[in-house]
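> Fold the following.
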Amino acid sequence: MTGVILLGGPLLVVLGCLYWVLSFSKEQERVNTERWKAQGAK
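Residues are numbered from 1 along each chain as shown. From the prediction side, this is the model:
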């Protein structure tokens, strides 16, 4: 049981970080698109 916790804990943390980074990059892309539209670009 301890081995599962020791292996699963860091794995969950890494997956959580990846999910956060991916969702943040999508949000940033959306914000950038809105900025370009505001500046009159296509």
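
> How many neighbouring residues does residue 29 have?
10 (other C-beta atoms under 10 Å). All C-beta atoms are positioned from the backbone trio N, CA, C, and that covers glycine.

> Phi, psi for it please.
Main-chain torsions, residue 29, degrees, to the nearest 10: phi -60, psi -40.

> now it: how far from residue 19?
From residue 29 across to residue 19, the span is 16 Å (C-beta to C-beta, to the nearest Å).

> Please put the alpha-carbon coordinates of stretch 33-42 into PDB.
Output in PDB follows, covering the C-alpha atoms of stretch 33-42 (Å, rounded to 0.1, in the frame of the first residue of the first chain):
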ATOM      1  CA  THR A  33      -6.800  36.100 -30.100                       C
ATOM      2  CA  GLU A  34      -9.000  38.700 -28.500                       C
ATOM      3  CA  ARG A  35      -6.200  41.200 -28.300                       C
ATOM      4  CA  TRP A  36      -5.500  40.800 -32.100                       C
ATOM      5  CA  LYS A  37      -9.100  41.300 -32.800                       C
ATOM      6  CA  ALA A  38      -9.100  44.500 -30.700                       C
ATOM      7  CA  GLN A  39      -6.200  45.800 -32.600                       C
ATOM      8  CA  GLY A  40      -8.000  45.200 -35.900                       C
ATOM      9  CA  ALA A  41      -5.900  42.300 -37.100                       C
ATOM     10  CA  LYS A  42      -7.600  39.300 -38.900                       C
END
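
> ok now that stretch, how far from the chain's centre?
Its chain's C-alpha centre and that of stretch 33-42 lie 23 Å apart, by C-alpha atoms, centre = their mean, to the nearest Å.
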